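Engineer: Need a 3D model of the following:
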Amino acid sequence: MDKSLESKFDALKAKGLKIDLTRGKPGVDQLDISNELLSSEIPTHSPSGIDIRNYGEPLGIPEVRELGANLLSTPVENTLVGEQSSLLLIYQLILSNYLFGLQVPWKDQSNIKFICPVPGFDRHFRLLEDFGIEILTTPLTGLGIDIDAFKTLLAEHENIKGIICVPRHSNPTGDIYTDENISMMLEAGKAYSNEFLFIFDHAYILHDFLPSPSQTQVWELAQSSNVEEQTAVLCSFSKVTFGGGGLSFVAAGQKLFNLLVRQRTSMIVCPDKVNQMRHLEFLKNKEGILDHMKKHADLVRPKFEIAFKALDSLNSVIGKYKKPTGGYFISYNTSKPIAKRVIELCKEAGVLITPAGSTYPYFNDPHDSNIRLAPTFLSIEDLKDAMDVFITSLRIAHEE
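Structural biologist: Numbers count the residues shown, from 1 in each chain. Sure, this is the predicted structure:
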């Protein structure tokens, strides 16, 4: 072992750091730009005359539904306003299919399966596991899912119910799916079954912080492939305004939309129209949202640049990563099976990182190599310390 590395690591441990790099949360400075929501005075009625204090409008205030439809390029009549996260809407969508189904409820079928790209979002995996749905995986290529691997899964398995993916700034790799990649996915899924669901969790549709490739709206691509009835597109304001205090949106084909509405009617007596109105008054329209997101980008970009600079100091023999142009994560792949060891060393030096394996179903990273970093929540100084610990731990683990 390089003695200088040992000395460096001991010096870092002596700092007594307590830094949490596990979740992709907005920093305090990002939350501050939405503080007007906390004290804003709003009218009691929406522009269309709806009393926001009372029951009613289970799909959301019309003006806010229109706002969501404008973000997703979806029909207003097929777009509803949900609670704080797209994840909750996805859960309700899966639950509605599980309990009722478009034809046969999933609970009455055996060995049902879903496809997830990897590395991927741990909460998607957990959601499917709750229903006992087997998770099949397809790799990401940098431009979207591996279409050949996707087609192989479709050829080899029966009763695959669909795919969940994050098509822009994918969590954690930052992949932006090309139009061609999405269209090929849609065509292959349609050929497999007219009940195959495409669930696009567009969590980072608004979160560019560097110049990013353009991307045709998913709904438009679904229309071109004639699979709107098999498609659901979602996004949220969880990282636009406040975590747990934002809004979410979902649009879906008519039968799928009706199924979701049926499920929500059993669960939710009345949506939070006060919060919907508060956001409408604050953000106003799509242009207002995009201006707001520029403020986020200016705060997030310097933190990612600090992380990029630290990672670029590493020899590519140790590992590789691709610089994301948006979203909240960096996905680092070690060249040796040392992810668990790196994270263990980081913890020893006072820096917590998302557990190894989290970006794979059942915590089973077959190469023990993928590590997810989340730079946004930390102050600049804490982030510099955290990256110093990570780089040092990585070098030590690689030498070991």
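Engineer: from here on, contacts and neighbour counts on C-alpha atoms
Structural biologist: Will do.
Engineer: Correct me if wrong: residue 12 contacts residue 389.
Structural biologist: Yes - counting by Cα atoms under 8 Å, residue 389 is a contact partner of residue 12 at 6.8 Å.
Engineer: Give the residues shared as contacts by these two.
Structural biologist: residue 349 (Cα atoms under 8 Å, 6 or more residues apart in numbering).
Engineer: Those two: who's more crowded?
Structural biologist: Per other Cα atoms under 10 Å, whichever of residue 12 and residue 389 has more neighbours is residue 389, with 24 against 20.
Engineer: Checking the closest residue to residue 364 other than its chain neighbours next. Helix, strand or coil?
Structural biologist: Closest residue in space to residue 364, ignoring its immediate chain neighbours: residue 357 at 5.3 Å, by Cα to Cα, 6 or more residues apart in numbering. Here residue 357 is coil, with the state taken from DSSP: H, G, I helix; E, B strand; the rest coil.
Engineer: for residue 333, same thing?
Structural biologist: Here residue 333 is recorded as strand under three-state DSSP.
Engineer: pLDDT value on the nearest residue to it once chain neighbours are set aside, please?
Structural biologist: Spatial nearest neighbour of residue 333, excluding adjacent residues (Cα to Cα, 6+ apart): residue 370 at 4.6 Å. Predicted confidence (pLDDT) for residue 370: 98.
Engineer: Export the helix or strand hosting residue 88 to CSV, keeping only CA atoms.
Structural biologist: Using DSSP states H and E, residue 88 sits in helix 86-99. Taking C-alpha atoms only, helix 86-99 is exported to CSV below (Å, rounded to 0.1, in the frame of the first residue of the first chain):
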residue,chain,number,x,y,z
SER,A,86,-44.3,10.8,-9.5
LEU,A,87,-43.3,7.6,-7.6
LEU,A,88,-46.6,7.7,-5.7
LEU,A,89,-48.5,7.9,-9.0
ILE,A,90,-46.6,5.0,-10.4
TYR,A,91,-47.4,3.0,-7.3
GLN,A,92,-51.1,3.8,-7.8
LEU,A,93,-50.8,2.9,-11.5
ILE,A,94,-49.2,-0.5,-10.7
LEU,A,95,-51.7,-1.1,-7.9
SER,A,96,-54.7,-0.4,-10.2
ASN,A,97,-53.4,-3.0,-12.7
TYR,A,98,-52.6,-5.4,-9.9
LEU,A,99,-56.1,-5.2,-8.3
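Engineer: list the contacts for residue 333?
Structural biologist: By Cα under 8 Å, 6+ apart, the neighbours of residue 333 are 319-321, 369-371.
Engineer: Swap in 6 Å and give it another go.
Structural biologist: Neighbour list for residue 333: 319-320, 369-370 [criterion: Cα atoms under 6 Å, 6 or more residues apart in numbering].
Engineer: I'd like to know how far it sits from residue 113.
Structural biologist: Residue 333 is 27 Å from residue 113, where distance means Cα to Cα, to the nearest Å.
Engineer: Kindly report the same for residue 229.
Structural biologist: In terms of Cα to Cα, residue 229 sits 20 Å off from residue 113.
Engineer: For the contacts of residue 333, pick the one with the most neighbours.
Structural biologist: Most surrounded of those: other Cα under 10 Å gives residue 370, at 30 neighbours.
Engineer: Distance-wise, check that residue relative to residue 294.
Structural biologist: Taken as Cα to Cα, the span from residue 370 to residue 294 is 30 Å.
Engineer: neighbours around residue 172, how many?
Structural biologist: Residue 172, neighbours per other Cα under 10 Å, totals 26.
Engineer: Doesn't it belong to a strand?
Structural biologist: No - Residue 172: not assigned to a strand; according to three-state DSSP it is coil.
Engineer: any weak-confidence spans in this protein?
Structural biologist: 1 (pLDDT under 70).
Engineer: That one: helices as residue ranges?
Structural biologist: 3-14, 28-32, 36-39, 62-72, 86-99, 122-130, 147-156, 179-192, 218-224, 254-267, 273-283, 286-312, 339-348, 380-399 (DSSP state H).
Engineer: Any idea which of those gets closest to residue 328?
Structural biologist: Residue 328 lies closest to helix 286-312 among the helices of the chain, at 8.5 Å (Cα to Cα).
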